[in-house]
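> I need the structure of the sequence given here:
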Amino acid sequence: MADARFTDADPAPLALMAGDADDLTVISTLVQDAILPVTEIVYDGRHRQLALLLNRFRWEDADLARRDGRPYERVRAVLLVSDVRRVQSDGIDRTDKDLILELLTLTWQAGEDGTGLLLLQFAGDGTLAVEAECLNVELRDVTRPYIAPSRRAPQHPDS
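Numbering: from 1, shown residues only. Purely as a prediction, here's the structure:
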C-alpha cells in the first residue's frame, strides 16, 4: 500500500469570524451563491442570534477543481450572526415553506458606537436587515463537501 499524500487529505472545514468590514468581505465572498430554503433561517431573540443553514458553493476550491477537471463542490455551512437586536425582511415570504433563496452578498452599514446594520441580499431583491450591537458574524462548514448538483460554477452576468 502506498503512503498517503497531503493532496489525498480531506479539505479542512472553514471556520471564520468577522468583526470588521474587511473580515465581512471575505465571508461575503465565500457565501456568494449559497442556496437555502427559507425554513433554514432561524432567529433566536432570547439568545440574540440569527442562524442560516446554507448550501455554500466552495469558491475557495473552484480554480483547483477547474484545473483538475473534477466536479465543483458545495458544503453545508452555518452563518451565525450574534448580538442581534432586531431582524427585518423585505421581499422574502417567510410563510412560503417551499421558497428557496440564493444569497448574493453581505454588507455592513456602521452606525454609532459600533452598532450597525448587516444586510443580507438575496437574488430576486430579497433582503434581511439585521440590526446589531456590533459586527459579529461566524461562518462554519458543518459537513463534508459534496458534488454540486448542477456540476457547474454559478455564473453572473457581466456588469
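> all strands for this structure, in order.
15-18, 34-37, 41-44, 49-57, 73-82, 84-90, 100-110, 116-122, 126-132, 137-141, 146-147 (DSSP state E).
> the shortest one: how far from the chain's middle?
Centroid displacement of strand 146-147 relative to its chain, using Cα atoms, centre = their mean, to the nearest Å, is 17 Å.
> now do the same for Pro11: its pLDDT.
Here the pLDDT value assigned to Pro11 is 69.
> got it, and Thr107?
Thr107 is assigned a pLDDT of 97 by the prediction.
> ok, now which ones touch it?
The contact partners of Thr107, by Cβ atoms under 8 Å, 6 or more residues apart in numbering, come to Leu24, Ser28, Leu118, Leu119, Gln121. Placement of C-beta: from N, CA and C, glycine included.
> of all the strands of the chain, which one is nearest Ala65?
strand 73-82 (6.8 Å; Cβ to Cβ).
> what packs against that closest one?
helix 21-31, strand 49-57, strand 126-132, strand 137-141, strand 146-147 (3 or more Cβ pairs under 8 Å, 6 or more residues apart in numbering; DSSP states H and E).
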